[in-house]
Each structure stands twice: as structure tokens, then as C-alpha cells.
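Visitor: dropping a prediction and its sequence here:
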Amino acid sequence: MLEKRSVAMKVMERVGIPIIGVKPGSIADRKRIRPGDRLMTVNGIVPRDLLEYRYLITAGKVWLKIRHQEGKIESIRIQKNDDTDLGLVFKTDCFDGIIHCRNKCIFCFIDQLPPDLRMSLYEKDDDYRLSFLHGNFITLTNITPSDMRRILTFHLSPLYLSVHTTEPALRGKMLGRREPMPVLEKIAELAGGGITMHIQIVLCPGWNDGDVLNRTIQELSRFWPQVASIGIVPVGLTKFREGLPFLRNFTKAECRSLIRKIDQKQKAFRLRYNSSFVYLADEFYLRGERPLPPRSVYDGFPQLENGIGFGRLFYDEFCRMLPLLPERLVSPRSFVIGTGAAGARVLEPVIARLNQIKNVKLKLISIPNIFFGPRISVTGLLTGRDLLWGLRGVRGEDVLLPNVLLRRGTSLLLDGMTLEQVSSRSGCRIHVIEPTAGALVEAVLGKRGRSKPIRR
């Protein structure tokens, strides 16, 4: 791994770091730096990543060496305020290459993907820089002493850690390693350096639940407030698990038992820390057919991107809009609302209330995940083929879909199909909206902000 990063650095020193964008009106724009140019050095140093680049440009005086597309190398002197960005946009945050995962976790979703999807979906990162910059969860199993020093020196906080269990032997087994994988010592070192951490536990029945989970929560709680939250998410299982260890989903009864246990722990932690500290993914409540906790339980939603609290935010936003809903619309409006099985359970009461408005006609369709299998219920993992199957009976209708289905900034779905293709083949007019109650209400009522239909 270190050898690969060293090779990548040598390549960067020779050819430079590709610049894919320049913000209009920025310092770089005024200095006539253009997309396609390459950054060679900043103040004589080749930055290894976006973090080092940002650190180097904080100086009031900055020297850039730029290789222009035509081959000319130019030294550019810049004088600026310390906190002013230069306006350069790079293809990747890790100029020396992403630190890849060396584990083979028993629950790894990437190992459960079918072949022939786009290559980026198969890339496994375990990079502390992406954890800090984007909230990616890392295991700390490949962290080097120099990486640890860098985290502490630059105070890269918060970090997002995949722990799963604090028992070294069991953790090693769950991570697919032959040796124990202790984590508490590294957490202690990070906590001692003032680094805030958010912990993820992928819960697998018969592996790290029960008494093991109790010990894990107890041992991690000693590091509060540096360990600021523990998010517990259920293992996700596709139909592509040939040759992988046997795992199963949690039953409804097991979800309910877990909810009761975590509710008790949250009450104890609120008395002790004035924080719930440990949180369950929405999916546990939906599978257990139990109501989502109130907003006060979530303490500002520290693990929203991990599927924890999204349903509560959606409901609360909708409830705030209830007094503003009209009794009727002047003109009829009709939509099909497409979502995964989990999303449908959240949306059912919302759609029922909107259908009480005269001249509003909404049809909620729960689209099964045929591509990955019936055990996958989240909307964000629906593919183009799933949409075509789910929308087969609503040809000619206007369909609202959340943008979580799409690769960011594109109309591309997980299986490589585009929404334009889905719209053309299904015969539906597809509208993409943000996955919020406000966006849904605006689209249904025809208020400002409604997306235009996807062109076929």
C-alpha cells in the first residue's frame, strides 16, 4: 500500500495534478489558469492531497507552478487574504491515490454486488482523509503511525469509524482478518488528541448483537464526549452472496427487542451525558413496525447520512407544513410517488393526508428491489430495471422520484441506466425531487421549486 502511494507521488511530481475546473471570478480564473492545466507545486511542495493543498494555500503569499495544456510551465505569484480560496477544482481529493480497504468484512456490501456495474461501485476505500472530508466510515486497520500523527497534528476532526465490536478476536473475524483487530487503543489515542469520533456498528444477528453489543456500547461510552455518537445499522444482504458467510436479517421480534434495549440505554445516557449517545437506524423501527423516536432523541442528528433519523426529519417537516396546506386546488394534480419498501412505510401517512386535499390524486407505489433482492428495501438502491418493473402499470403518468436514486450530479442509476431511458421505456413523465417533505409538497401543489420532467 505504501509503495503504491509512493509511486503515485512520483507520478504527480513528474506530470502534476489535473485541474478539472476553475471557479469563475476566482483568483485562479484571474490568473488565467484553465481546466486541463496541471498543478505542479504549491510553494515548492507537491501536495499529496486536498488537505495539504488547503494548508499550503493558507499563506498570504503563494507561489504556484502550473503546467498549461500546451506544455508551458508558468510560475504564478499570488498575494491574498489568508482564508481566500484560489478557486481550483480537482478530480480527486487524494492526489496520491485513495487508501484502499484491505479487509474482507463478512457483511461488505461491495462484495455482494453483481458483475458488470460501473467500476467506481467496486472501489473500497478505507481512507482517513475521506472520512474527514466526506464522512466515509473507516476501520483504522491500515492506519500508519505517520497517518495517526497527521490526523492529530492537523486535528482532522470529526472522523467516522467502523467498529462493529470492541472484542479484538471477534472484530478481526468480522473484518475477514486472520488476526485480532483491536480498536480501543487507537480510539484512546484519537480521543487524547481531541479528535471527535462517530462510530458505526453494522449489526449482524448471532455475531455482534446481544451481550457483545452491550459490552461494545459500554466500552465506547468511556470515551464520551470524544466518541460523540454510536450508530447501529442492520446488515444489508443482497441476493449475490455466493461463497460468503451465512448472514440473515433481523426478525420483527428481534427488532422490537433491540428497540426496547436501546431505548433503555438512551434514557440512562441522557441522565449521564445529556445525550442519547447511541442511535438505531430508521430501518429497525420500520422492520419492527414501531414508531420513530421523537426529534429530541436524536441530538441534532449526528448520523443522518447513515440512515439514522431521516424519517423523523421528514415527518417533522411535514407536520410544520400542515397549517399551510390548502383545502383544495383550483386545477387537478395527479402524481405517482415511486419509492422503495422502507420509504413507502414512511410516506404512507403523508400521502394519505395530501390525498385529502380536493383535486389532488396521489398513488404511492412501493417498488421491490428485484436487482439486489427482496432483502434490500432502501430507496437509494433501486436500479433502472427495478423502476421499469415498478412503473409498468402507470404508463403516461407523472412520476415523482427522489434524487437519492442517482449518482450525484447525473441522471445515472446504479445499473448504468439513465432516468431518460427509464422515462422513455416506461412511458412516464419522471420528475426528480429532493427527498424532503418540503420538496414533495411543492411538487404536488405546483409551487415554486418543482422539478421539470426528465426529457425522454
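Guide: That came through fine.
Visitor: max-length strand in the protein?
Guide: If you go by DSSP state E, the chain has its longest strand at strand 328-339.
Visitor: flag every buried residue along it.
Guide: By 16 or more other CB atoms under 10 Å, the buried positions in strand 328-339 come out as Arg333, Phe335, Val336, Ile337, Gly338, Thr339. Just so you know, the C-beta spots here come from the backbone N, C-alpha and C atoms, and that holds for glycine as well.
Visitor: export those as TSV, with columns for distance to Pro205 and pLDDT.
Guide: Below are the buried residues of strand 328-339 laid out as TSV (distance: CB to CB, whole Å; pLDDT from 0 to 100):
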residue	distance to Pro205	pLDDT
Arg333	44	96
Phe335	38	98
Val336	36	98
Ile337	32	98
Gly338	31	97
Thr339	26	97
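Visitor: so Thr141 touches Arg102, yeah?
Guide: Yes - the criterion here is CB atoms under 8 Å, and Thr141 meets it with Arg102 at 6.7 Å.
Visitor: more neighbours: which of these two?
Guide: Taking neighbours as other CB atoms under 10 Å, Thr141 and Arg102 compare with Thr141 leading, 19 against 14.
Visitor: on the three-state scheme, the residue nearest to Asp282 when sequence neighbours are not counted is what?
Guide: In space, and not counting its chain neighbours, Asp282 is closest to Gly311: 4.5 Å by CB to CB, 6 or more residues apart in numbering. Three-state call for Gly311 (DSSP: H, G, I helix; E, B strand; the rest coil): helix.
Visitor: residues contacting Gly311?
Guide: Listed by CB atoms under 8 Å, 6 or more residues apart in numbering, the contact set of Gly311 reads Asp282, Tyr285, Leu286, Leu292, Val346.
Visitor: among those residues, which ones are in helices?
Guide: Counting by DSSP state H, the contacts of Gly311 place Asp282, Tyr285, Leu286, Val346 in helices.
Visitor: circling back to that earlier point, from the contacts of Gly311, pick the one nearest Leu391.
Guide: When the contacts of Gly311 are compared for distance to Leu391 (CB to CB), Val346 wins out at 19.8 Å.
Visitor: ok, for the closest one, nearest residue in space, not its chain neighbours?
Guide: Nearest residue to Val346, sequence neighbours excluded (CB to CB, 6+ apart): Gly311, at 4.7 Å.
Visitor: likewise for Ile17?
Guide: Spatially, and ignoring its direct neighbours in sequence, Ile17 is nearest to Leu39 (4.4 Å; CB to CB, 6+ apart).
Visitor: which stretches of the stretch 351-456 of the chain form strands?
Guide: With DSSP state E, counting those that start in this stretch as the criterion, the stretch 351-456 of the chain has strands at 358-366, 398-402, 429-433.
Visitor: got these as a markdown table, with distance to Gly210 columns?
Guide: A markdown table is the format used below for those (distance: least, CB to CB, whole Å):
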| stretch | distance to Gly210 |
| --- | --- |
| strand 358-366 | 32 |
| strand 398-402 | 35 |
| strand 429-433 | 41 |
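Visitor: would you tell me which one of those is buried the most?
Guide: Highest mean neighbour count among the strands of the stretch 351-456 of the chain (mean count of other CB atoms under 10 Å): strand 398-402, with a mean of 22.
Visitor: partners of it, with directions?
Guide: Strand 398-402 has the following strand partners under DSSP bridges: strand 328-339 (parallel), strand 429-433 (parallel).
Visitor: tell me which of these sits nearest to Gln264.
Guide: Taking CB to CB, strand 328-339 is the member of these nearest to Gln264, at 32.1 Å.
Visitor: touching, Cys384 and Leu413? I think so.
Guide: Just so we're on the same page, residue 384 is Gly rather than Cys. Yes - between Gly384 and Leu413 there is a contact at 4.4 Å, judged by CB under 8 Å.
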